[in-house]
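J.: the sequence and its predicted three-dimensional model are supplied below.
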Amino acid sequence: MAQNREQVGAGEFKTHCLKLIDRVNQTKQPITITKHGKPMAQLTPIEDENYSLFGCLANTVEFHGDIVESIGEVWEVDV
(Lines give C-alpha, C1' and ligand atoms only; values in the text may rest on other atoms or scores of the structure.)
Protein backbone atom coordinates (compact mmCIF):
# COMPACT_ATOMS: atom_id res chain seq x y z
CA MET A 1 0.00 0.00 0.00
CA ALA A 2 1.36 3.46 -0.90
CA GLN A 3 2.60 5.48 2.06
CA ASN A 4 2.36 8.87 0.28
CA ARG A 5 -1.40 8.65 -0.18
CA GLU A 6 -3.20 11.80 0.95
CA GLN A 7 -5.51 11.44 3.93
CA VAL A 8 -8.38 13.75 4.88
CA GLY A 9 -10.53 13.62 7.99
CA ALA A 10 -14.25 13.01 7.51
CA GLY A 11 -15.15 16.47 8.82
CA GLU A 12 -12.77 18.17 6.39
CA PHE A 13 -14.09 15.97 3.58
CA LYS A 14 -17.64 17.01 4.41
CA THR A 15 -16.66 20.69 4.31
CA HIS A 16 -14.53 20.55 1.14
CA CYS A 17 -15.90 17.55 -0.76
CA LEU A 18 -16.46 19.31 -4.12
CA LYS A 19 -12.96 20.80 -4.06
CA LEU A 20 -11.49 17.39 -3.17
CA ILE A 21 -13.42 15.71 -5.99
CA ASP A 22 -11.98 18.25 -8.44
CA ARG A 23 -8.47 17.63 -7.08
CA VAL A 24 -8.78 13.85 -7.49
CA ASN A 25 -10.09 14.34 -11.03
CA GLN A 26 -7.17 16.61 -11.97
CA THR A 27 -4.32 14.75 -10.24
CA LYS A 28 -5.69 11.20 -10.71
CA GLN A 29 -4.42 10.48 -7.17
CA PRO A 30 -6.78 8.88 -4.62
CA ILE A 31 -7.59 10.45 -1.25
CA THR A 32 -8.23 8.31 1.83
CA ILE A 33 -11.00 9.57 4.11
CA THR A 34 -10.39 8.89 7.78
CA LYS A 35 -12.51 8.96 10.92
CA HIS A 36 -10.61 9.38 14.18
CA GLY A 37 -7.41 8.58 12.28
CA LYS A 38 -8.72 5.27 10.93
CA PRO A 39 -9.16 4.88 7.14
CA MET A 40 -12.87 4.54 6.37
CA ALA A 41 -13.27 5.25 2.65
CA GLN A 42 -11.33 6.16 -0.43
CA LEU A 43 -12.07 8.75 -3.12
CA THR A 44 -10.55 7.49 -6.38
CA PRO A 45 -10.60 8.83 -9.93
CA ILE A 46 -12.65 7.06 -12.57
CA GLU A 47 -10.50 5.62 -15.32
CA ASP A 48 -11.03 7.08 -18.78
CA GLU A 49 -13.30 5.15 -21.10
CA ASN A 50 -11.64 2.68 -23.45
CA TYR A 51 -9.31 4.76 -25.56
CA SER A 52 -8.49 3.60 -29.06
CA LEU A 53 -5.56 4.88 -31.07
CA PHE A 54 -7.43 3.98 -34.24
CA GLY A 55 -9.08 7.15 -35.48
CA CYS A 56 -8.06 9.32 -32.51
CA LEU A 57 -6.65 12.01 -34.84
CA ALA A 58 -9.60 12.03 -37.24
CA ASN A 59 -10.57 15.51 -38.44
CA THR A 60 -7.42 17.12 -37.00
CA VAL A 61 -5.57 17.84 -40.28
CA GLU A 62 -6.39 20.51 -42.86
CA PHE A 63 -5.15 20.27 -46.45
CA HIS A 64 -4.31 23.51 -48.26
CA GLY A 65 -3.76 23.12 -51.98
CA ASP A 66 -2.68 20.03 -53.90
CA ILE A 67 -0.59 17.74 -51.69
CA VAL A 68 0.42 15.45 -54.60
CA GLU A 69 1.60 18.03 -57.16
CA SER A 70 5.34 18.76 -57.29
CA ILE A 71 6.48 22.06 -55.79
CA GLY A 72 9.41 22.31 -58.23
CA GLU A 73 12.07 21.51 -55.67
CA VAL A 74 15.09 19.61 -57.09
CA TRP A 75 16.35 16.80 -54.90
CA GLU A 76 19.82 15.31 -54.90
CA VAL A 77 19.83 11.55 -54.52
CA ASP A 78 22.81 9.36 -53.72
CA VAL A 79 22.58 6.18 -55.77
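T.: Now that the structure is in, tell me what you want to look at.
J.: which residues of the chain fall in strands?
T.: Using DSSP state E, the strands assigned to the chain run over residues 6-9, 31-35, 38-43.
J.: now, of these, which is deepest in the fold?
T.: Most buried of the strands of the chain, by mean neighbour count (mean count of other Cβ atoms under 10 Å): strand 31-35, with a mean of 17. All C-beta atoms are positioned from the backbone trio N, CA, C, and that covers glycine.
J.: Leu20: how many residues sit nearby?
T.: Residues near Leu20, counting by other Cβ atoms under 10 Å, number 17.
J.: surely it touches Lys14?
T.: No - using Cβ atoms under 8 Å, Leu20 is not in contact with Lys14; the gap is 10.1 Å.
J.: gap between His27 and Glu6?
T.: Let me fix one detail, which is that residue 27 is Thr and not His. According to Cβ to Cβ, to the nearest Å, Thr27 and Glu6 sit 9 Å apart.
J.: now the common contact residues for these two.
T.: Counting by Cβ atoms under 8 Å, 6 or more residues apart in numbering, no residue touches both Thr27 and Glu6.
J.: just put the strands of the chain in CSV and tack on mean pLDDT and distance to Glu62.
T.: Below are those laid out as CSV (pLDDT from 0 to 100; distance: least, Cβ to Cβ, whole Å):
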stretch, mean pLDDT, distance to Glu62
strand 6-9, 94, 43
strand 31-35, 96, 42
strand 38-43, 96, 42
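J.: tell me how far Val68 lies from Ala58.
T.: Separation of Val68 from Ala58 (Cβ to Cβ): 21 Å.
J.: hmm, I typed the wrong one, I wanted Lys35.
T.: With Cβ to Cβ as the criterion, Lys35 and Ala58 are 48 Å apart.
J.: now Glu12: how far from Glu73?
T.: According to Cβ to Cβ, Glu12 and Glu73 sit 65 Å apart.
J.: more neighbours: those two, which one.
T.: Applying other Cβ under 10 Å to Glu12 and Glu73 shows that Glu12 carries more neighbours, namely 13 against 5.
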